[in-house]
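J.: When you get a sec, could you give me coordinates for this:
(2 chains)
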Amino acid sequence: MNWADTIIQGVLLGGLYALFAAGLSLVFGIMRLVNLAHGDLIVLAAFLILLLVSTLGLNPFVAAAVALPVMFAIGWVLQYVVLNRTLGDDILPPLLVTFGLSVVIQNGLLEGFSADSRRISAGSLETASIQVGPISIGTMPLLTFLSAVAVIVALNLVFYRTSLGRAFRATSDDSSTAGLMGIRSERIFATATGIAMMVVTIASLYLGTRANFDPTQGPARLIYAFEAVIIGGLGSFWGTLAGGIIMGVAQTVGAAINPEWQILAGHIAFLLVLLVRPRGLFPRAVD
Amino acid sequence: MTDHVSSAWTVTTRTRGTSVAIALIAVVIVAGFATPFFAPRAVIQDLFFILTMLVLAQCWNLLAGYAGLVSVGQQAFVGFGAYAMFAAVSLLGMDPLLAIVIGGLAALVLSVPTAFFVFRLQGAYFAIGTWVIAEVVRLSLAQWKALGGGTGTSLPSGATRDMPGVRLVADLLHVRGPQATDIVCYWLALVLAIVTIGLIYRLLRSKQGLGLAAVRDNREAARSLGVDPLWTKSFVYLVAALVTGLTGALIYVQKARISPDAAFSVPDWTAYVIFIVVIGGIGTIEGPIVGVIVFYILQNLLADYGSLYLLFLGLLGILIMLFAPRGLWGVFASRSGIQLFPIRRMLAARTDTKND
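T.: Alright, predicted model coming up:
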């Protein structure tokens, strides 16, 4: 077994988990909302891309570009019409509504697409690889990782360098005072969820092209995303990337020892971090 | 519990219709025990399902509705209790009845380290934390080759037939062994449901219950009055784990076949349970009872539609949470003022010296 190879594959897999997690991190950072349907929305986006690829014959990357505004709109409307009603001091309504949403999306997809596992074909890219010394790196995993870094950079730019980001931070800190300054928090929240859904679309592109997926996979993606966010520390996008990488490395190392231990190893890494650093490795937010 | 405010006043939890409610509950309990004497086996099995779901729902409601602990990982205790029962029966040759107790205790033991981890997570993250723990337990037990690993195993044939009471029931009611096993399981589920509801009711009327409600409504204010939120919540979490484990073990004595995917199923042991509580009315003892009845009716009407049925349940749950967050019972109770299990303390003119 080649350890360097295993760890590099793990880091690249971590890019995928960071993509799963970045949207969750953004939404939680701004409105303290944990969307239990996050994983199912990733799978929903993957089916949307699959539909565009199979019916219009689009290249998966073009299909993802078409899906981006659609998913933004879905996220915006979902937040504005449904989830905004649940926000408040009580944590029950948002959790139970998004849990219900998770069940609805999962079973809606089962009804529409059956339980068969699918894959989005990316042509020759699927098997392409780059040789770096003795290690061969798959082009798709590398693209996934680079996309994850790009998404994290973009989210940081939006969050800290734009007026939208200023509104995000202001609403997050104190939404009633932000309201006095003319910021309409309902719209800010809707925009944030819309952006999170665009990140979800990018994640789903790689989810769908790298491996098979089916309607029941959402909850597991939610759990990986959640673990990456907690490992990284709440409120830090770079921390989320680091958390994704730790999850990815833990899983590939676990799988290298015994294939049955892959998922378990990721969970154990998460529990260890929770044990040693309950607030994550790079916490920013106070809560 | 009676607080003496002054000699002329007393604190009571009785409401209009409390005597009627007590009579009603007594009738239901007597009818429940008598059912196997005249009902066919299918009815007994359905009632067993309803009662076990009711106990799971009461436990989840105790956590979420009273302690503010929204767990999406109670399947960890259902599955662990069931697996501990299987291990005790299959590997140690223990009697299934005793093994059910072992199952409950095993879940209680598991809940201690679990609480240690998940209580580090606040609010919403607590929910997913419990889910992660359930996954870890499921994946770990799937490695246990002696109990069939990932594919699962069955109870040794005859194990449930030799359970105490089964032969007696078979002779008494002139039924075959498997049916007698179902009847014994049903009576156990009935006892478990009555004891669980009774204990939760007692807990909520006690000083600890008042503390629990105080912590849920305002953590800081409760702390300033000397209620320790962590201790209160941990206690509730452990109790819920114990009862959930007992229920899981009992369910799998009746099923007699186990696999990690079934025993740790999120839809079966968590999604259904959450919908039962939300539809019936979260934060009341009556809510899960109403919810489980509605759930059973819906399942009989719509189960043939498979995933559409779950989709419908999900939508119903969302709509109720958005527009009637107190659930069906909550709407009914606020309109009628009727409470079967009153826990709200009210000031009343003292008429006698009765303590309750």
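J.: What residues of the helix or strand harbouring B:Val20 count as buried?
T.: Taking DSSP states H and E as the definition, B:Val20 sits inside helix B:18-34. Buried positions in helix B:18-34, judged by neighbour count with 16 or more other C-beta atoms under 10 Å in any protein chain shown: B:18, B:21, B:32. Every residue, glycine included, has its C-beta placed from N, CA and C.
J.: quick one: which of these is nearest B:Leu319?
T.: Proximity to B:Leu319 was ranked across the buried residues of helix B:18-34 by C-beta to C-beta; first place goes to B:Ala21, at 29.1 Å.
J.: surely that closest one meets B:Leu340?
T.: Yes: with the criterion set as C-beta atoms under 8 Å, B:Ala21 and B:Leu340 qualify as a contacting pair; they are 4.6 Å apart.
J.: Dump the buried residues of helix B:18-34 into CSV; add distance to A:Leu146 as well.
T.: Output for these, formatted as CSV (distance: C-beta to C-beta, whole Å):
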residue, distance to A:Leu146
B:Thr18, 68
B:Ala21, 66
B:Gly32, 63
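J.: Quick one: residues contacting residue 266.
T.: Answering for chain A, as no chain was given. Applying C-beta atoms under 8 Å, 6 or more residues apart in numbering or on different chains, one finds that A:Gly266 lies in contact with A:224, A:227, A:247, A:250-251, A:254.
J.: that's the other chain; I wanted chain B
T.: A:219, B:72, B:75, B:131, B:134.
J.: could you redo the last one with a cut-off of 10 Å?
T.: Neighbour list for B:Val266: A:99, A:102-103, A:216, A:219, B:72-75, B:131, B:134-135, B:138, B:272 [criterion: C-beta atoms under 10 Å, 6 or more residues apart in numbering or on different chains].
J.: ditto for A:Ala64
T.: Under the criterion of C-beta under 10 Å, 6+ apart, the neighbours of A:Ala64 are A:45-46, A:48-49, A:52-53, A:58, A:71, A:120, A:198, A:201-202, A:204-206, A:208-209.
J.: Check which residues of the strand or helix carrying it are buried.
T.: Assigned by DSSP H and E, A:Ala64 falls within helix A:60-77. Within helix A:60-77, the residues that qualify as buried by neighbour count (16+ other C-beta under 10 Å) are A:60, A:63-65, A:67-68, A:71-72, A:74-76.
J.: same thing with stretch B:211-229?
T.: Of the residues in stretch B:211-229, those scored as buried under the neighbour-count criterion (16+ other C-beta under 10 Å) are B:211-216, B:222, B:227, B:229.
J.: Mind telling me what element the nearest residue to B:Ala241 once chain neighbours are set aside is part of?
T.: In space, and not counting its chain neighbours, B:Ala241 is closest to B:Ser111: 3.4 Å by C-beta to C-beta, 6 or more residues apart in numbering or on different chains. Counting by DSSP H and E, the secondary-structure element that holds B:Ser111 is helix B:96-118.
J.: just to revisit the earlier point, return the subset of the contacts of A:Ala64 lying in helices.
T.: Using DSSP state H, the members of the contacts of A:Ala64 that fall within helices are A:45-46, A:48-49, A:52-53, A:71, A:198, A:201-202, A:204-206, A:208-209.
J.: Quick one: mean pLDDT over stretch B:336-343.
T.: Taken as a whole, stretch B:336-343 has an average pLDDT of 78.
J.: my read: A:Asn84 touches A:Met31, true?
T.: Yes: under the criterion of C-beta atoms under 10 Å, A:Asn84 makes contact with A:Met31 at 8.8 Å.
J.: Show me whatever sits in contact with both of those two.
T.: Residues touching both A:Asn84 and A:Met31 by C-beta under 10 Å, 6+ apart: A:94, A:185, A:189, A:193.
J.: Can you check my assumption that B:Val89 lies in a helix?
T.: Yes: judged by DSSP: H, G, I helix; E, B strand; the rest coil, B:Val89 forms part of a helix.
J.: Next, the angle from the helix or strand encompassing B:Leu298 to helix B:18-34.
T.: If you go by DSSP H and E, B:Leu298 is part of helix B:286-302. Helix B:286-302 and helix B:18-34 are oriented at 50 degrees to each other (axes from the mean of the first three to the mean of the last three C-alpha atoms, to 10 degrees).
J.: which parts of helix B:286-302 are buried?
T.: Buried residues in helix B:286-302, counted by 16+ other C-beta under 10 Å: B:286-296, B:298-299.
J.: which of those lies closest to B:Val253?
T.: Comparing the buried residues of helix B:286-302 against B:Val253 with C-beta to C-beta picks out B:Val292 as the nearest, at 20.4 Å.
J.: what's the spacing between that closest one and A:Phe99?
T.: Applying C-beta to C-beta, to the nearest Å, the value for B:Val292 to A:Phe99 is 18 Å.
J.: Equivalent analysis for A:Thr55, please.
T.: Plainly put, A:Thr55 is 31 Å away from A:Phe99 if you go by C-beta to C-beta.
J.: okay, these two: which has more neighbours?
T.: More neighbours sit around A:Phe99 than around the other of A:Thr55 and A:Phe99, counting by other C-beta atoms under 10 Å in any protein chain shown; the figures are 26 against 9.
J.: and the angle for the helix or strand where B:Tyr125 lies with helix B:96-118?
T.: Here B:Tyr125, judged by DSSP H and E, is contained in helix B:123-141. Following the same axes, to 10 degrees, one obtains 130 degrees for the angle between helix B:123-141 and helix B:96-118.
J.: May I have the residues that are in contact with residue 60?
T.: Using chain A. A:Pro60 sits next to A:49-50, A:52-53, A:67, A:120-123, A:125, A:205-206, A:208-209 when contact means C-beta under 10 Å, 6+ apart.
J.: Chain B, not that one
T.: For B:Trp60, counting by C-beta under 10 Å, 6+ apart, the contacting residues are B:69-72, B:74, B:240, B:244, B:269-270, B:273-274, B:276-277, B:282, B:288.
J.: Go again with 7 Å.
T.: Residues near B:Trp60 by C-beta atoms under 7 Å, 6 or more residues apart in numbering or on different chains: B:71, B:74, B:273-274, B:277.
J.: near chain A, which of those residues show up?
T.: Judged by C-beta under 7 Å from any C-beta of the partner chain, the overlap between those and the neighbourhood of chain A comprises B:Ile274.
J.: wait, which of the contacts of B:Trp60 is closest to B:Phe116?
T.: Of the contacts of B:Trp60, the one sitting nearest to B:Phe116 (C-beta to C-beta) turns out to be B:Ser71, at 14.9 Å.
J.: list the buried ones in the helix holding B:Ser111?
T.: Within helix B:96-118, the residues scored as buried using 16+ other C-beta under 10 Å are B:96-97, B:99-111, B:114-115, B:117-118.
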